[in-house]
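**Student:** Structure, please.
(chains A and B, ligands or ions: 2)
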Amino acid sequence: MSDLEAFRQETRQWLEANCPPEMRQPVRDDEDVYWGGRNATFKNDAQKAWFEAARDKGYTVPSWPKEYGGAGLSPAEAKILRQEMSRIGARPPLSSFGIWMLGPALLKFGTEGQKQRFLNEIARGEIRWCQGYSEPGSGSDLVSMQTFGEDKGDHWVVNGQKIWTSYADKADWIFCLVRTDKDNKYQGITFMLFDMASEGVSTKPILLISGNSPFCETFMDDVKVPKSYGEDVPGYVGEINRGWDVAKYLLGHEREMISGMGGGDRTAAIGSAMKRLAGKNGDDLDPVLRSELALFDVDALAFTAMAEKFMDEMKAGKGHPAQPNMMKYVGTELNKRRHELMMSVGGSRSLEWESEETGGGKPSRNWLRTKANSIEGGTSEVMLNVISKRILELPGS
Amino acid sequence: MPLYHDEDQTMLADTATSFMAEEGNIAKQLRHWRDRNCKDGFGHGLWKQMAEMGFTGMLVDEEDGGLGMGHVEAGIVLEEIGRNLTPSPFLTSSVLAATALKHGSSDLKGRYLPGLIEGESVFAVAIDETAKHRPSRITTRAEKSGNGFKLTGSKSFVIQGASADMLVVAARTSGSDEDEDGITLFAVPKDAANMSHDAVRLVDSSMATHTKFDGVELDGDAVIGEVDGGREILNAMLTAGRVGAAAEGVGVARGAMDMTIDYLKQRKQFGKLIGEFQALQHRASHLYSEVEIARAVVIKAQQLLDEGAESAELMSSVAKAKVAKAAGLAVKEGVQMHGGIGMTDEYDIGLYMKRDRALQEFLGDAYFHANRVAELSGY
Ligand SMILES: Cc1cc2nc3c(=O)[nH]c(=O)nc-3n(C[C@H](O)[C@H](O)[C@H](O)COP(=O)(O)OP(=O)(O)OC[C@H]3O[C@@H](n4cnc5c(N)ncnc54)[C@H](O)[C@@H]3O)c2cc1C
Ligand SMILES: Cc1cc2nc3c(=O)[nH]c(=O)nc-3n(C[C@H](O)[C@H](O)[C@H](O)COP(=O)(O)OP(=O)(O)OC[C@H]3O[C@@H](n4cnc5c(N)ncnc54)[C@H](O)[C@@H]3O)c2cc1C
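**Tutor:** Ligands and ions are numbered 1, 2, ... in the order given. Got it, this is the predicted structure:
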């Protein structure tokens, strides 16, 4: 038996012993996901047990080095773990912007001290992070952002406003883009890290069309951001004024995540499940709807192959670095189409905004939420711009 | 297996790319034979060269004189065939017929495989009986007669039927027209008496026949596999052919897309390169995304088929349907973005549109395969 085959057997046994049956079901809404943080609560015992087992094994961040709280898995081992988890439909034990976004940026740009402290906290789910990029006047044109940090020697005094800060009200810390040089557009931004409990930080929720409000406006009013949190732990990532490089790198990871590859099944085939649902709602699938589902499944299964190919190529250092933009574009458009179809199959039942039967209007709320997929993390139009410039090398206008 | 080509496959791809671009290109092959109204629709010289390159017998087992390669490798050649619109019997002979012959007696293999491997022979497959792909319904009958069979019925759109040295024919030896069982495959030699071909040229300049069997007498040893047990071989042949057609379709899509992107970088209107217009950039980027995804699912299907995985059948239909959509988009956008010039015979983009149309119909179009995806998934 090869080492990898042995690893697969081991992994299978470990999952069998540690992943409770309740955690082997698709994620239906936010509460099914454990986000960690200072004030975190578990939805149930199974969620707690699964998180703790995974944390102790380094499986909240399997491919991070062991000294930073990961399991130090090789790319081939990480793939096996992913495959085995998806085979039993296991939920991710911990979700967080720390894992998806800040972590990879710290692994690439962070100091040893930052890695020791922040990566471990993320891996153990102790600190929940949010992302402070967008501003009211700067969305797609992010680099036009204006939040300003005045240099006061050992610290900055930051003033400005961020918008769309997901879960700012639940987050413990923020990674935040702050302009530190007004004369330099791209090379005048610093990537700062600070505690949301700092004096002068306040948040205000934004109600979405889904009736939910995980988003906030974040106000910074004379916030003091230290340049250092201790020896070899700077309060910023990378170099001062060169935060745009970090931000761009991190956006790549965000796009991968949103495209639904992080072990999620947001773009998976749905036809057979929809047939059962249609039957439950008192009618079989309308033949025209069935054909839409079949064409969707063709696209979804093909996209799944693309996601696998993309991962394999990335691990081998092949493939075009701008491909995450393509994955993000296609993955999010597919997810929207999927929810449109689910609404149609559900019929009138899926219109219920508040009922026990629909778990408080989940079908319609989730459907509405997906409309943000092609906006958050860069809009579809911006993805298409990037593809034409960086992959197809079409001339600039 | 990772979803990209390993070292050997990458080397094969390099070889196939330059060979097909040099010898199989549009001017040398498709236009050449088309403009001469060639009765075969392809050149035997190129077929011989493909044999010398080791392509013709790729899927034939080593003990039968072939290279014993897999569908990933055959797909590499097919993608280049697609990209250059190279007319050739590769798909029908080296993929479909070769898959059927794997199940043939050693006698049949000995009779036909050397000719294929050497590029001397060309084979066709006769399955469909109507203008749409409906392999579930086979009405052509083979009745026991002496030591052999008597074949009666007709097949339509047999690609290269009149040029073929042998036709693999699916016929009914028992049961009723819609039955799953009762199918037998026959290797029918070119010179069989009472077989007639009505040849038609198709939109892509390829040649097909409506072939009639008017009591064709066949020896018992013309049977491929078991009498009445042909459905399984037929299905294996179809799956291989669909994955192959999908690979060729990806080549067509990429050829059309590359031509179009090039054109966007050259053509000026309103004082700008038309590639600067965002209206075209976004459509080009969308097209690129679809073609990339189609490529991914094709290699997935090829690998599953080579592994003998059960899901190969489902994934072959996903691949065929996805490619039909992506390549269809590539040729439509290609012609449109070329403007008026895209409508002229002189420019190659229209040739891609024609080939795509023919490939889409071959072995089932996007609707046929989406429906099959639904059925195989239980809805
Ligand atoms: C649910 C949700 C969660 C989010 N979470 C976060 C978060 O946690 N942290 C954070 O910092 N931000 C977050 N965002 C913000 C998100 O990144 C921005 O909304 C996004 O970048 C778009 O910016 P905008 O809303 O200002 O739209 P605009 O940039 O004003 O765009 C409006 C429209 O114009 C189009 N457009 C703009 N520029 C171009 C162009 N050059 N070419 C063609 N079309 C163009 C856009 O595609 C869009 O359709 C979130 C947004 C949403 C909706
Ligand atoms: C069958 C046929 C019959 C015709 N008959 C006649 C006739 O009788 N008399 C006559 O004078 N002409 C005739 N024409 C010419 C026809 O009017 C032109 O082909 C047409 O105006 C397009 O110009 P073009 O071919 O140069 O394409 P181009 O202008 O080069 O366009 C190439 C591509 O770029 C796109 N494009 C160009 N500019 C922009 C832009 N600003 N923004 C976004 N996209 C852009 C186009 O939509 C097209 O997709 C005929 C053409 C055809 C095909």
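**Student:** Isn't B:S174 up against B:K144?
**Tutor:** No: distance between B:S174 and B:K144: 9.9 Å, which falls outside the contact criterion (CB atoms under 8 Å). C-betas here are computed from N, CA, C, even on glycine.
**Student:** Neighbour count for those two, which is higher?
**Tutor:** Ranked by neighbour count (other CB atoms under 10 Å in any protein chain shown), B:S174 and B:K144 place B:S174 first, with 15 against 12.
**Student:** which residue sits closest to the more buried one in space, ignoring its chain neighbours?
**Tutor:** Closest residue to B:S174 in three dimensions, ignoring its sequence neighbours and counting by CB to CB, 6 or more residues apart in numbering or on different chains: B:G182, at 3.9 Å.
**Student:** Quick one: residues contacting the one you found.
**Tutor:** B:R172, B:T173, B:S174, B:G175, B:D228 (CB atoms under 8 Å, 6 or more residues apart in numbering or on different chains).
**Student:** Identify the farthest-apart pair in those.
**Tutor:** Pairwise distances across these (CB to CB) peak at 9.2 Å, for the pair B:R172 and B:D228.
**Student:** any shared contact partners between these two?
**Tutor:** Joint contacts of B:R172 and B:D228 (CB under 8 Å, 6+ apart) are B:G182, B:I183, B:T184.
**Student:** From those, pick the one nearest ligand 1.
**Tutor:** Proximity of those to ligand 1 (CB to the nearest ligand atom) peaks at B:I183, which lies at 54.5 Å.
**Student:** Give me the distance between the closest residue to the closest one other than its chain neighbours and ligand 2.
**Tutor:** The shortest distance from B:I183 to any non-neighbouring residue, by CB to CB, 6+ apart, is to B:G230 (4.1 Å). Distance, B:G230 to ligand 2, by CB to the nearest ligand atom, to the nearest Å: 49 Å.
**Student:** Look up phi and psi at B:G230.
**Tutor:** Here is the backbone geometry of B:G230 (degrees, to the nearest 10): phi -80, psi -10.
**Student:** contacting residues around it?
**Tutor:** Contacts of B:G230 by CB under 8 Å, 6+ apart are B:A170, B:I183, B:T184, B:L185, B:I224.
**Student:** Compare these and tell me which is most surrounded.
**Tutor:** Using other CB under 10 Å as the neighbour criterion, B:L185 leads those with 30 neighbours.
**Student:** for the helix or strand encompassing it, packing partners?
**Tutor:** B:L185 is part of strand B:183-189, with elements assigned from DSSP states H and E. With contacts taken as 3 or more CB pairs under 8 Å, 6 or more residues apart in numbering or on different chains; DSSP states H and E, strand B:183-189 sits against helix B:98-101, helix B:106-117, strand B:148-159, strand B:166-172, strand B:207-218, strand B:223-224, helix B:231-264.
**Student:** among the ones you listed, which is nearest A:C19?
**Tutor:** Per CB to CB, nearest to A:C19 of these: helix B:231-264, 35.3 Å.
**Student:** For that closest one, buried residues please.
**Tutor:** Buried positions in helix B:231-264, judged by neighbour count with 16 or more other CB atoms under 10 Å in any protein chain shown: B:231, B:233-234, B:236-257, B:259-261, B:263-264.
**Student:** where along chain A do the helices fall?
**Tutor:** Per DSSP state H, chain A carries helices over the ranges A:3-18, A:45-57, A:75-87, A:97, A:103-109, A:112-114, A:120-123, A:243-256, A:271-280, A:287-315, A:323-346, A:362-370, A:380-386.
**Student:** what residues does the stretch 51-200 of chain A put near ligand 1?
**Tutor:** Residues of the stretch 51-200 of chain A lying close to ligand 1 by CB under 6 Å from any ligand atom are A:Q131, A:G132, A:Y133, A:S134, A:G139, A:S140, A:W164, A:T165, A:S166.
**Student:** do that again at 5 Å, thanks
**Tutor:** A:Q131, A:Y133, A:S134, A:G139, A:S140, A:W164, A:S166 (CB under 5 Å from any ligand atom).
**Student:** Taking chain B, what residue is nearest to ligand 1?
**Tutor:** Closest point on chain B to ligand 1, by CB to the nearest ligand atom, is B:Q278, at 6.3 Å.
**Student:** That residue: neighbour count?
**Tutor:** Neighbour tally, B:Q278, other CB under 10 Å: 14.
**Student:** if we can go back for a sec, who's more crowded, B:R172 and B:D228?
**Tutor:** B:R172 (22 against 16).
**Student:** Identify the bridge partners of that one.
**Tutor:** Taking DSSP bridges, one obtains B:R141, B:I183 as the residues bridged to B:R172.
**Student:** so where is the stretch 251-397 of chain A shaky, pLDDT-wise?
**Tutor:** A:255-265, A:397 (pLDDT under 70).
**Student:** hmm, 80 instead?
**Tutor:** Low-confidence segments of the stretch 251-397 of chain A, defined by pLDDT under 80: A:252-266, A:281-283, A:397.
**Student:** Great, nothing more from me.
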